[in-house]
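Undergrad: sequence plus predicted model, see below.
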Amino acid sequence: MATIERRSNRFRLIFYHLGKRYATSLKAENEAEADAIAGSVQRTLMLLNQRVLELPEGADLVSFVLSAGKLTDKPKVPPIRTFAELRDRYLKANEIGAMEENSLGTVKLHLRHIAKTLGNGFPIQTLAPNHIQEHIDRRARKKGIRKKPLSPTTLKKEITSFRACWNWGVSAELLVGAFPSNKALKYPKGEVKPKFQTWVEIERKIARGGLSAVQIKDLWDCLFLSLVQIDELRRFVEQTARHDFLYPMFVFAAHTGARRSEMLRCQIDDVDFDGKTVLLQERKRSKDERTFRHAPLTPLLEQVLRDWIARHPGGQPLFCHGLEVPHSKTHRTEPVPLTRNEANDHFKQTVAGSKWDVLRGWHIFRHSFVSNCAAKGVDQRLIDAWVGHQTEAMRRRYRHLFPDQQQDAIQTVFGLAKSMDVVPAGNEPALDQAATSGSQS
């Protein structure tokens, strides 16, 4: 069915064919002319469905139906035909630094999953909503981390990566047409992530029993450390760290809420002792440009960084190995920044065998930084500025920690309940004159 949508003095044609939605602007001068075009398109679509007309290979469907099936221009054949061709060219275009390495790795993973559903040889120009739904259904039956069903968020991210790949193909004139609409897709219902919890809360739930090993790990993932615990962990790391950069790195993470990748990108010159701030180079806030934010230097972090930089092995990266690394066979000619895997391994080795072994990784400090700031009543806008863009879903996970006026408000309603329920019958306090007269009127 072809319909006309009017926007100010312009007309837009919308129609569907084989489950796909198409839209294009019309050069009609009035509504009657636009309706006539829509009628012609409707007839052409009917003839296509009845196989009276056949769309030439590689022809643009919109141009074909607008010409009432009499397209005389040479069909434009898309330069690529299969999913694998589109994927490979898209990834190659982004390997020049247009996308952060971690993000590019995630996109590669998403597209590998898409390939398992469609197949590398899938004729990409025939993509329809039922193909996308088939992928969602297949992946929804799979088990992810800790043998749990994949969340709808994960499934939507895979489709988003596929859509970005498709849209790039269209903009590069390798494909024609819009990506199938998301409105027709059905995802499984997801679960709201539990709020951040204290160590005591988690231990109390575990002590009640009845939780599986997976459920217990999920609980520890929601942990945030109190200020006292952060200080205790800091002192533990100061005494046991096997590398000089580890203690400064732990303090940096705890006192800024920086992501692991942001710490690894941090340069010595990013630390501004005069301005009492540290610059954090971001990658997630914008896809088009590199952004940054500033986090304030706490007195402790300032002192720790001054001491560390004074004995820094050299080079630009703030956190790096020296030329000689204990227990390592790698020989370096100059200090190099830590890799993501090295940072993870060093964290786990540092806390291994201690009470802190339940901590999953560096991200615990981000949870704790936000939660402790919230618990101290720091304005949410300041917290957002210090830790970078926060989604509303993330805010909900720590919003319960904000001190507010809820108790004061409820006390104004039920504050007398406790004292009134011990008053003997017949000795109830008299209502005030205004209330009495009001009830009689």
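TA: It's in.
Undergrad: can we go C-alpha only for contacts and neighbour counts from here?
TA: Will do.
Undergrad: what residue ranges in the stretch 301-441 of the chain score low on pLDDT?
TA: 323-334, 389-390, 400, 402-410, 415-441 (pLDDT under 70).
Undergrad: would you state the helices of it in chain order?
TA: Here the stretch 301-441 of the chain has its helices, by DSSP state H, counting those that start in this stretch, at 340-351, 363-375, 380-387, 392-398, 406-414, 417-420, 433-440.
Undergrad: output the longest one as CSV - backbone C-alpha positions only.
TA: Taking only C-alpha atoms (Å, rounded to 0.1, in the frame of the first residue of the first chain), the coordinates of helix 363-375 have been written out as CSV:
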residue,chain,number,x,y,z
HIS,A,363,35.1,-1.2,37.4
ILE,A,364,34.4,-1.7,41.1
PHE,A,365,36.0,1.6,41.8
ARG,A,366,33.7,3.4,39.3
HIS,A,367,30.6,1.9,41.0
SER,A,368,32.1,2.9,44.4
PHE,A,369,33.0,6.4,43.3
VAL,A,370,29.6,7.2,42.0
SER,A,371,27.8,5.5,45.0
ASN,A,372,29.9,7.3,47.6
CYS,A,373,29.4,10.7,46.0
ALA,A,374,25.7,10.0,45.9
ALA,A,375,25.6,9.0,49.5
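Undergrad: which outside residues touch that helix?
TA: With contact meaning C-alpha atoms under 8 Å, 6 or more residues apart in numbering, helix 363-375 is reached by 196, 221, 223-227, 253-260, 380, 383, 387, 398-399, 401-403.
Undergrad: re earlier: out of the helices of the stretch 301-441 of the chain, which is closest to V237?
TA: Smallest distance to V237 across the helices of the stretch 301-441 of the chain (C-alpha to C-alpha): 7.0 Å, for helix 340-351.
Undergrad: which parts of that closest one are buried?
TA: Using 16 or more other C-alpha atoms under 10 Å as the test for burial, helix 340-351 gives 343, 346-348, 350-351.
Undergrad: can you lay out the residues you listed as a markdown table showing distance to K376?
TA: Below are the buried residues of helix 340-351 laid out as a markdown table (distance: C-alpha to C-alpha, whole Å):
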| residue | distance to K376 |
| --- | --- |
| A343 | 30 |
| H346 | 31 |
| F347 | 28 |
| K348 | 30 |
| T350 | 29 |
| V351 | 28 |
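Undergrad: per the annotation, how does this protein divide into domains?
TA: Following automatic domain parsing, one finds the domains of the chain at 2-66, 83-171, 224-401.
Undergrad: pull the distance from the longest one to the chain's centre.
TA: Read that as domain 224-401. Remark: domain 224-401 is offset 20 Å from the chain centroid, using C-alpha atoms, centre = their mean, to the nearest Å.
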